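K.L.:
Any chance you can model this:
(chains A and B)
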Amino acid sequence: MSITLSESAARHVQNFITRRGKGVGLRIGVRTSGCSGMAYKLEFADAVADDDLQFVSHGVTLLVDSKSLPYIDGMELDYTREGLNEGFKFNNPNVKNACGCGESFQV
Amino acid sequence: MALLQISEPGMSTAPHQHRLAVGIDLGTTNSLVATVRNGISVVLNDENGRAMLPSVVRYAPDGGVTVGEGAQAAQSDDPVNTIVSAKRFMGRGLKDVGDTSRLPYRFVEADGMLQLRTAAGVKSPVEVSAEILGVLRQRAEAALGGELVGAVITVPAYFDDAQRQATKDAARLAGLNVLRLLNEPTAAAIAYGLDNASEGVYAVYDLGGGTFDISILRLTRGVFEVLAANGDSALGGDDFDQRIHCWLLEKNNLSALSPGDTRLLLTHARTAKEQLTDHDQARITAVLSGGELIDNVLTRDEFQSLSRNLIQRTLQPMRRALRDAGLAAADIKGVVMVGGATRMPQVQHAVGEFFGQTPLTNLDPDKVVALGAAIQANLLAGNRGGDEWLLLDVIPLSLGIETMGGLSEKIIPRNSTIPTARAQEFTTYRDGQTAMSVHVVQGERELVSDCRSLARFELRGIPAMVAGAARIRVTYQVDADGLLNVSARETGSGVEAAITVKPSYGLSDAEITRMLQESTLHAREDMQARALREQQTEANQLLEAVQHALEQDGELVSGEQRERIAACMTGLRGTLELSDHLVIKRAVSALNDATVGLAQARMDKSVAKALAGKNISELEQK
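P.N.:
Modelled structure (predicted):
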């Protein structure tokens, strides 16, 4: 079981956490909602919760709650640029179906 | 797929529900848009990587509108239709603007606000500003990948109600929802995180392209109050360029130049000024239209003496602002620098000397206002955790004070976003009066008897003076918890009294602390349960469809096939009770396979039906 960051994503996350001034890592998860089932959650983490699983990728600590892990196991998080927009992209092998924009998905 | 940003803990948004909010610095010379992404306030650049959008709008006769660099380039060729510094006209009548003889525009006096006659018709300053805001909005939506829920737009601290309303109208015209208008100096202070700092008084020194503003802010419990504002509306970075320009004329014994040459030299002057920020000297070389060669070296020392009296001119408003606030330079806890012109070392030096401390300069002074506005917008849009969301609340009813004759004087008007603080000065009405009663009321009615009484307290110990001589400053402050704090202070003697009330609109603690705790057990079971439900739904839909098809067209296929389909249906029904979604899935595909022949036959039948009784030529016409 693992979740990884691309090198570019790791660099950005590290930078964001440094500039934010606090945080123990990046929290990745899913929740039910959205137009196609599940939606991703991407948050700064200020504390590790009891049921968190921890992964370290390129020096960045990733926290995933055990409830979310089955939906995103094996996923790689990347940071890309599309025109003026830039941000994180989820490369999730579990996704069978996604809404047009990919913001929500089904496994 | 869509690109995501990192949210604050617990603040992830649902898909397509991102609360995208921006801060906009709608400046006299340049405008910017910023947002908070991944927890950090950043200015959004256009596709050419430029952050600043010149606040210039050009109206072409064909109705075309150009905003920004393109419009600025056309300024000298088409001055009448190229509107610069529209901000100076916002909410102003012709007589407010004063001498318009030097401006190239065809002004039209209108009710309340002046208007400008352009090639594309009569335009109000609100419409001009809306064009600028519209471009920034498009830029933001392209960069954020969605519609904005709102914007915080900054205005000078001295803007009156008409000017603020005009700014709001411009935003509405540009399709922007205004979360709040924020004072520019406050935005700058927020960008530096001073709102999280301990309490104190701060000065914001804003030397822009054409205007100078100094503001003295007091921070109390996360609320900024503008204690005093002063400035010079005709002093800015452009004047420094002008000085270098004059120096060049003098050095080269030149007199009146053509407008083109003047512009050329001013551009070189500006470049030299910027070079002198990091270098000890700058070389200026140019060839004028008449063939004259300009080649001069300006040293930093020379530039400092050229610009000394310009900097002196900023000190006078600073002294006045401090005097108005009743403070000394030593009372100032921090100084924030705003505006590109504050990059000049001599400006930073003079300000540092005046306040006896090094001013804050580590943020880009051109961007600091927009960055602060973005932080506020992010907060107001509800993207921050903790108790800060309370900022979204507004005061439903005005908070006032009882004055002579049983009248209510509103101190905090209704719909003010909290936290907020307002102060007003009152005086004694009787000779030798040593106490004053402060009656805090809530409501929109004029008579105190029609309003709701919240609290009452007395300020005692006022030194005996003639009526009207005492200066009693009453401050109303509603903090982030919805608590109203009222204090009264006689400014001469310093006697003070205060009271805290909790008006009825206060938010219950239960609401604030209400949080959902997600079950973390049975994660894998939950996932399978979800898959099972989805598969069951699909199976039921398929069974229904096949049943319907059999009833209608069962005779189209052989009895053997019908039996096979029926068997698969029974098989699938049997799996529905099982808890394994994979078994159901297999039964679904078995039924699907079994119905291939039936589906084919039904398709052929409907095609045949559609074609029946028609000849070839009819079909070809279609």
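K.L.:
going forward, measure contacts and count neighbours with C-alpha atoms only.
P.N.:
Fine.
K.L.:
Check which helix or strand the residue nearest the centre of chain A maps to.
P.N.:
The centre of chain A sits closest to A:Ile28, judged by C-alpha atoms, centre = their mean, with a distance of 3.8 Å. A:Ile28 is part of strand A:25-32, with elements assigned from DSSP states H and E.
K.L.:
show me where pLDDT drops low in chain A?
P.N.:
Residue ranges of chain A with pLDDT under 70: A:33-36, A:99-103, A:107.
K.L.:
I'd like the distance between A:Thr61 and A:Val13.
P.N.:
Taken as C-alpha to C-alpha, to the nearest Å, the spacing of A:Thr61 relative to A:Val13 amounts to 10 Å.
K.L.:
can you check B:Ser41 too?
P.N.:
In terms of C-alpha to C-alpha, B:Ser41 sits 15 Å off from A:Val13.
K.L.:
for B:Gly200, same thing?
P.N.:
For B:Gly200, the distance to A:Val13 - C-alpha to C-alpha - is 34 Å.
K.L.:
Of the two, which one has the most company?
P.N.:
Taking other C-alpha atoms under 10 Å in any protein chain shown, B:Gly200 and A:Val13 do not tie; A:Val13 has more neighbours (22 against 16).
K.L.:
Just the element for the more buried one, please.
P.N.:
Counting by DSSP H and E, A:Val13 is part of helix A:7-20.
K.L.:
Please apply the same query to B:Ala455.
P.N.:
Using DSSP H and E, B:Ala455 sits within strand B:452-460.
K.L.:
Just checking: what are the partner strands of that strand?
P.N.:
In the sheet, strand B:452-460 lines up against strand B:435-442 (antiparallel) (DSSP bridges).
K.L.:
which residues are contacting the partner strand?
P.N.:
If you take C-alpha atoms under 8 Å, 6 or more residues apart in numbering or on different chains as the criterion, strand B:435-442 is touched by B:397-402, B:408, B:428, B:448, B:451-462, B:488.
K.L.:
before we move on, the earlier item: neighbouring contacts of the strand holding A:Ile28?
P.N.:
A:13, A:17, A:38-46, A:60-65, A:68-69, A:71-72.
K.L.:
go with 6 Å
P.N.:
Applying C-alpha atoms under 6 Å, 6 or more residues apart in numbering or on different chains, the external contacts of strand A:25-32 come out as A:38-45, A:61-64, A:68.
K.L.:
That strand: partners in the sheet, and parallel or antiparallel?
P.N.:
The strands beside strand A:25-32 in its sheet (DSSP bridges) come out as strand A:38-45 (antiparallel), strand A:60-65 (parallel).
K.L.:
Just put those strands in CSV and tack on distance to B:Pro365 and mean neighbour count.
P.N.:
Converted to CSV, these look like this (distance: least, C-alpha to C-alpha, whole Å; neighbours: other C-alpha atoms under 10 Å in any protein chain shown):
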stretch, distance to B:Pro365, mean neighbour count
strand A:38-45, 28, 23
strand A:60-65, 33, 22
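K.L.:
Now stretch B:347-363 - C-alpha only, CSV.
P.N.:
Extracted C-alpha coordinates of stretch B:347-363, given in CSV (Å, rounded to 0.1, in the frame of the first residue of the first chain):
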residue,chain,number,x,y,z
VAL,B,347,12.5,57.0,0.5
GLN,B,348,13.1,54.0,2.8
HIS,B,349,15.9,55.9,4.5
ALA,B,350,13.8,59.0,5.1
VAL,B,351,10.8,57.0,6.4
GLY,B,352,13.1,54.9,8.6
GLU,B,353,14.6,58.0,10.1
PHE,B,354,11.2,59.6,10.7
PHE,B,355,9.8,56.7,12.6
GLY,B,356,13.1,55.6,14.1
GLN,B,357,12.8,52.0,12.8
THR,B,358,13.4,50.0,9.6
PRO,B,359,10.2,49.9,7.6
LEU,B,360,8.8,46.5,6.4
THR,B,361,9.8,46.0,2.8
ASN,B,362,10.2,42.3,2.2
LEU,B,363,6.9,42.0,0.2
